[in-house]
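S.K.: next comes the sequence, and after it the predicted model I'd like to discuss.
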Amino acid sequence: MDVDADSPAEALRDLTRFSVGSAVWLGLVGIGGFVYAATLGTSDRDQVRFVGLAVGTGFVLVSLGFLAALLRAWRRDVRAAPLVAGDRPECASGGAAMFYEGYVSLVSVVVAVAVAVFGIVFVPAAADGAAWGWFTPVLMGVVAVSSALFVRWRGNEYVGVHPEGIRMIRRGRLETAPWARVLYFESGQVGIEGRPDRAGVSDEVETRIRELAVAAGLATFDERLRAGESIDLGAVTLQPQVLLLEGEPMRWDEIDSVTYEHDGENNWTHVLVRGRRRRHRAKVRESGIANFPVFEEALRTYTGLRVFDPR
């Protein structure tokens, strides 16, 4: 496979790249908070002065805290780069770490709603409808969005493709795995079996990982199952006697049919597995199943069925 000779070097540069845009964004939030506190903090009304100082100082502290986290993540990635600097991968990729399936915690949502309600309802009332009261919810919205983005900042990541397996740096840690233990997801994510973190890949790196991970999985899955091992494929886990779908067990000899179910509204595709017993069914999103051809081969081998696509 012909790969650009600069690919590994570019991946290392991306691993150690500092997010200037993120730093500028946080700096603007901090400056906005300082201006807010300086303007309202000089009010001759006690209530306005208190709100201005408290909210403005909060903005400044939040931006400084996240900026410190940004710098720590960058320094951590710079220190981790030498772990793969001497490698000669077939191809490699690097860049900003993905947020795991766009995850935003429920706590963050509740806090953002509470802050928005406070800024829209209570602060303008305290200001008797003054102009600065309308600026408050806007600035608070900016901070809420910033918090949702930066509170889960994970720094950069690196993925190197080698003949013997994968080498991946996430959160400053180097992890390696043979191809039989590498998980490739159709959404452009790659992980290691038994470990929760995934990295984002694209272009020739994604294509090569898909080829090698699926080929290794097909070559070893039957041997591993006969040896009594479990095979973790993300949303599904293959066991010698049982198929686990999002933790829901279904015996191989009880599976009656496997079909695709398309959700046009959300553009999702689910794999629906029905058992012979009444109401025995389980459904998982196709994009959550790693090395999907391995899963299809397991179905064919242990049930004689194939995934039926009604389209």
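M.R.: All right, it came through fine.

S.K.: CA atoms for contacts and neighbours, from now on please.
M.R.: OK.

S.K.: which residues sit against stretch 166-183?
M.R.: 73, 76-77, 79-80, 83, 97, 154-161, 164-165, 190-193, 197, 199, 212-213, 216-217, 220, 233-234, 290-291 (Cα atoms under 8 Å, 6 or more residues apart in numbering).

S.K.: among those, name the buried ones.
M.R.: 73, 76-77, 80, 97, 154-161, 165, 190-193, 199, 212-213, 216-217, 233-234, 290-291 (16 or more other Cα atoms under 10 Å).

S.K.: in helices, which of those appear?
M.R.: Judged by DSSP state H, the subset of these located in helices is 73, 76-77, 80, 212-213, 216-217.

S.K.: confidence score at the closest residue to Phe185 other than its chain neighbours?
M.R.: Leaving aside its sequence neighbours, Phe185 sits nearest to Ala290 (Cα to Cα, 6 or more residues apart in numbering; 4.7 Å). On the pLDDT scale, Ala290 is placed at 92.

S.K.: so where's the stretch 1-150 of the chain shaky on pLDDT?
M.R.: Scanning the stretch 1-150 of the chain with the threshold set as pLDDT under 70 gives 1-6, 98-113, 115-117, 119-150.

S.K.: swap the cut-off to 50 and go again
M.R.: Within the stretch 1-150 of the chain, the ranges that satisfy pLDDT under 50 run 1-5, 99-105.

S.K.: ok so, going back, from what I see, the residue nearest to Phe185 and Gly188 are in contact.
M.R.: No. Ala290 is beyond contact range of Gly188, at 10.5 Å (criterion: Cα atoms under 8 Å).

S.K.: need the helices for the stretch 51-200 of the chain, in chain order.
M.R.: 82-85, 106-117, 123-126, 131-150 (DSSP state H, counting those that start in this stretch).

S.K.: so what does the host helix or strand of Gly33 touch, helix or strand wise?
M.R.: In this assignment (DSSP states H and E), Gly33 forms part of helix 20-40. Applying 3 or more Cα pairs under 8 Å, 6 or more residues apart in numbering; DSSP states H and E, we find helix 20-40 packed against helix 46-80, helix 131-150.

S.K.: one more time with 6 Å
M.R.: The elements that helix 20-40 packs onto, with contact taken as 3 or more Cα pairs under 6 Å, 6 or more residues apart in numbering; DSSP states H and E, are helix 46-80.

S.K.: in the helix it packs on, what counts as buried?
M.R.: 48-64, 66-67, 69-70, 73-78, 80.

S.K.: over to stretch 34-47?
M.R.: Result for stretch 34-47 [16+ other Cα under 10 Å]: buried residues 34-38, 40-41.

S.K.: any idea how far that stretch is from the middle of the chain?
M.R.: Centroid separation between stretch 34-47 and its chain, computed with Cα atoms, centre = their mean, to the nearest Å, is 40 Å.

S.K.: contacts for it, please.
M.R.: Under the criterion Cα atoms under 6 Å, 6 or more residues apart in numbering, residues 49, 52-53, 56 lie in contact with stretch 34-47.

S.K.: could you dump the residues you listed to JSON lines with distance to Arg277?
M.R.: Shown next, in JSON lines, are the contacts of stretch 34-47 (distance: Cα to Cα, whole Å):
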{"residue": "Arg49", "distance to Arg277": "68"}
{"residue": "Gly52", "distance to Arg277": "64"}
{"residue": "Leu53", "distance to Arg277": "65"}
{"residue": "Gly56", "distance to Arg277": "61"}
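
S.K.: and the strands in the stretch 201-311 of the chain, which stretches?
M.R.: 231-233, 236-238, 242-245, 248-251, 255-263, 268-275, 281-285 (DSSP state E, counting those that start in this stretch).

S.K.: output the contacting helices and strands for the third one.
M.R.: Think strand 242-245. For strand 242-245, the packing partners by 3+ Cα pairs under 6 Å, 6+ apart are strand 236-238, strand 248-251.
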